[in-house]
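**Q** kindly return the folded structure for what I paste below:
(chains A, B, C, D, E and F)
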There are 4 protein chains.
Amino acid sequence: MRLKDEQKFEAIIRATLELTHEKGLAGIKMSELARKAGIATGSLYTYFEDKQDILLSVDREVRSRGAAYLMQASTDDEENYEGRVKTYVGQYADFVSANREAILFIDLLQRSPFMTERSYQDTVDQYRFTLELVEEGQNAGLVREGDPEEMVHVIDSIIKMLIDHRQTHLKGAYDEEVRNRCKEYVWAVLKK
Amino acid sequence: MRLKDEQKFEAIIRATLELTHEKGLAGIKMSELARKAGIATGSLYTYFEDKQDILLSVDREVRSRGAAYLMQASTDDEENYEGRVKTYVGQYADFVSANREAILFIDLLQRSPFMTERSYQDTVDQYRFTLELVEEGQNAGLVREGDPEEMVHVIDSIIKMLIDHRQTHLKGAYDEEVRNRCKEYVWAVLKK
Amino acid sequence: MRLKDEQKFEAIIRATLELTHEKGLAGIKMSELARKAGIATGSLYTYFEDKQDILLSVDREVRSRGAAYLMQASTDDEENYEGRVKTYVGQYADFVSANREAILFIDLLQRSPFMTERSYQDTVDQYRFTLELVEEGQNAGLVREGDPEEMVHVIDSIIKMLIDHRQTHLKGAYDEEVRNRCKEYVWAVLKK
Amino acid sequence: MRLKDEQKFEAIIRATLELTHEKGLAGIKMSELARKAGIATGSLYTYFEDKQDILLSVDREVRSRGAAYLMQASTDDEENYEGRVKTYVGQYADFVSANREAILFIDLLQRSPFMTERSYQDTVDQYRFTLELVEEGQNAGLVREGDPEEMVHVIDSIIKMLIDHRQTHLKGAYDEEVRNRCKEYVWAVLKK
DNA sequence: AATGAATGAGAATTCATTCAT
DNA sequence: CATGAATGAATTCTCATTCAT
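**A** Model prediction:
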């Protein structure tokens, strides 16, 4: 797998995300996928075992890229907690905006029959940094009591909804304004 | 269509929601759907034009039932605004919990090859009551400034996330505790 | 079969002919046939065994009516042979015009898989009168030499074509003019 | 469509004509058609959209070949008009005899649920040469008066009937004798 | 008898996967 | 390796026939 052409591998991933965005998981046909990736149908099988392999590989790839991004998100030099949270939320919002297709893909795959097993741990790992930020706030008495994990999910859903709503329903572009609203709403939920 | 038996119509809708929950949209086979609904495969075509017609009809049906439920939700005799919001959120949470399959279905259908077009208006109608509640709060100076429609979506996503997280990740049943947390988080987002 | 309602039997025959005219044999659906005949689908099976039985029955019925008509065609009191031929052709043309649907039906059924066997004799019987008229002319030295049976078929096809062409392509009604042209062309073929 | 193999396209057309001849239009099954054409069922869909597309394509193909044949039919070096007509009728009869399946197919397709619309023009084009020959004869005072188009149809039906009668009813082969009879009968109809 | 919904065998169609070029 | 036509198993859909009302 993935012998010669790293570029084609990339193209297939991109095509999968685009196609999922357009027609959902159920709408992915190997022939269309190939066309979108600019290769022949048969060539898909040079890079991947079968259809499920493509989907799971895209999932893996996209998750690891997301984790990498969130890992390197820095909040260090901010003085107070609220500021650090907002900085982080801003970064997270940027990431979500830049990776809407990937996020949708993961979301759909999660609840699909293609997903045989998916360790819950994966998801936890991904949110480790956010989780720690929330727990720190709780320890400092700045954040409301409650299951931090649940709170992370709520935060996550708020940010995704704000960005999706802006782009899908209002046809507007992601901008500083949405970014700030993410910060506001998240902080409203967190603060004691 | 739908000549004889209202019960069969119902059975098909129920079977569609169950099957979608179990295997995703792509996993719906007419034969299995018929078996689950307790009728012959061919009979599906007595009630519906084709597969897409089934899915779009289920979508329509489920949406209109949701809208009907939310319309009749009463908050009248509560004295103060906060109390009325929380009563409403509680009812909303009950509804979401009782209709998870339907909500998943709508969500998946949205991005699927079966969905040709979907007027945004549909969604707005559904949220009319919630929208009015938010606007009332803003007029009374009790709710934060901001696009009320966006706020409604945020509220919606918070409630759905809380319930989904409890049931999917924590394998817990929906109960008074989750219900209360919905109220808390929503109020935190709304209040000035 | 054909117990109570002779009228329904008639209606089914008429519906079959109409439907065949509109969509050909391949386009006959039991449900549509029933609707056109003004009865329920299931009722077709009260009058006929199955689909093939309908088609063969219609064939039998229509043929026997045609034969009856042609049998009673009279040419007796005309003085000369040419006049008798033309009188007969006129009557035959009237018949063809009045029974276009039935004639088309027989024609299509002839070459269809529904027609398991069809004794050649049937056809010959039908044309007996015409045949005798031709043979009489040959014996009197008024008609060209040649296989009389073949000649009858040629005459038949000329008349049908003239009437069909007028009605189908020219959208015109059958009238004295076409009737006369039938006589002319037929006599041109026959006369020595 | 029709990307690779012109031969397969040909095979499908041939198979369609054969199958129609054997079992009628209603008897054409995609699976059988594929078997007869020597390809897999699914491959039919590489060359054609669906069943209707096959039938209409065969119709188009067969008509255009017929038109091409009749176009190139030469009558040039014959001295007199009668001779030229007879030469042409002979060629026409050869063509009809060699293409009975195609002619049957067109005839059946005409009145079938597959035929949506069929411009009358198509047929006229096909007969252009015959038409001109008749008109020439009329102008020279050698051919009877009358609508030339109608006359062409009559001629056409005579030739088809003669050949069909010989082959179907008399089980005889097409030969010089039938060919000559075609000439005789047609000339009898035309000549003034 | 009449009705028309229900049935399911069978035909049409789709599409992941293979394979000859 | 790349290609895209070919394959046929799996699925959707049709419709003659049956049957409960």
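
**Q** which ones are touching residue A:138?
**A** Residue A:138 makes contacts with A:144, A:145, A:148, as judged by Cβ atoms under 8 Å, 6 or more residues apart in numbering or on different chains. All C-beta spots, glycine's among them, are computed from the backbone N, C-alpha and C.

**Q** what's the burial count for the residue of chain A found nearest DNA strand F?
**A** Here chain A gets closest to DNA strand F at one residue, residue A:42, 1.6 Å apart by Cβ to the nearest atom of the strand. Residues contacting residue A:42 under the criterion other Cβ atoms under 10 Å in any protein chain shown number 9.

**Q** that one and DNA strand E, how far apart?
**A** Going from residue A:42 to DNA strand E by Cβ to the nearest atom of the strand, to the nearest Å gives 3 Å.

**Q** check residue A:146 too.
**A** Residue A:146 is 43 Å from DNA strand E, where distance means Cβ to the nearest atom of the strand.

**Q** before we move on, what about residue A:34?
**A** 8 Å.

**Q** report pLDDT for the residue of chain A closest to DNA strand F.
**A** We have a pLDDT of 95 for residue A:42.

**Q** drop anything exposed from the contacts of residue A:138.
**A** residue A:148 (16 or more other Cβ atoms under 10 Å in any protein chain shown).

**Q** and chain B, which of the contacts of residue A:138 reach it?
**A** residue A:144 (Cβ under 8 Å from any Cβ of the partner chain).

**Q** a markdown table please, covering the contacts of residue A:138 and showing secondary structure.
**A** Below are the contacts of residue A:138 laid out as a markdown table (DSSP: H, G, I helix; E, B strand; the rest coil):
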| residue | secondary structure |
| --- | --- |
| A:144 | coil |
| A:145 | coil |
| A:148 | helix |
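
**Q** let me know the closest of the contacts of residue A:138 to residue D:87.
**A** Within the contacts of residue A:138, distances to residue D:87 taken as Cβ to Cβ reach their minimum at residue A:148, with 98.7 Å.

**Q** any idea how many residues pack against residue A:130?
**A** 22.

**Q** repeat for residue A:175
**A** Residue A:175, neighbours per other Cβ under 10 Å, totals 10.

**Q** give me the phi and psi for it.
**A** phi -150, psi -180 (degrees, to the nearest 10).

**Q** lowest-confidence helix or strand of chain A?
**A** helix A:120-126 (a mean of 61; mean pLDDT, DSSP states H and E).

**Q** I'd like the next helix or strand past it.
**A** Later in the chain than helix A:120-126, the nearest helix or strand by DSSP states H and E is helix A:128-139.

**Q** going by neighbour count, list what's buried in that following helix.
**A** Of the residues in helix A:128-139, those buried (16+ other Cβ under 10 Å) are A:129, A:130, A:131, A:133, A:134, A:137, A:138.

**Q** ok, stretch A:48-62 next?
**A** A:48, A:54, A:55, A:56, A:57, A:58, A:59, A:61, A:62.

**Q** try stretch A:65-74
**A** A:66, A:67, A:70, A:73.

**Q** of those residues, which is the nearest to residue D:170?
**A** Once Cβ to Cβ is applied, the member of the buried residues of stretch A:65-74 that ends up nearest residue D:170 is residue A:66, at 82.1 Å.

**Q** distance of that closest one from chain B?
**A** From residue A:66 across to chain B, the span is 18 Å (Cβ to the nearest Cβ, to the nearest Å).

**Q** so how far is residue A:60 from that residue?
**A** Noted for residue A:66: a distance of 11 Å to residue A:60, by Cβ to Cβ, to the nearest Å.

**Q** ok, now residue A:151?
**A** From residue A:151 to residue A:60 the distance is 27 Å (Cβ to Cβ).

**Q** and residue A:188, how many neighbours?
**A** Neighbours around residue A:188, by other Cβ under 10 Å: 17.

**Q** now do the contacts for it.
**A** B:144, B:188, B:189.

**Q** again, only this time at 6 Å
**A** Residues near residue A:188 by Cβ atoms under 6 Å, 6 or more residues apart in numbering or on different chains: B:188, B:189.

**Q** the host helix or strand of it: which residues count as buried?
**A** Secondary structure assignment for residue A:188, by DSSP H and E: helix A:176-190. Buried residues in helix A:176-190, counting neighbours by 16+ other Cβ under 10 Å, are found at A:178, A:179, A:181, A:182, A:183, A:185, A:186, A:187, A:188, A:189, A:190.

**Q** how about the nearest residue to residue A:21, chain neighbours excluded?
**A** residue A:101 (4.6 Å; Cβ to Cβ, 6 or more residues apart in numbering or on different chains).

**Q** so where is chain A shaky, pLDDT-wise?
**A** Residue ranges of chain A with pLDDT under 70: A:1-4, A:74-78, A:113-125.

**Q** how far does the biggest helix by length in it sit from its chain's centre?
**A** When chain A is parsed with DSSP state H, its longest helix is helix A:51-72. Mean-position distance between helix A:51-72 and its chain equals 9 Å (Cα atoms, centre = their mean, to the nearest Å).

**Q** try stretch A:38-54
**A** 24 Å.
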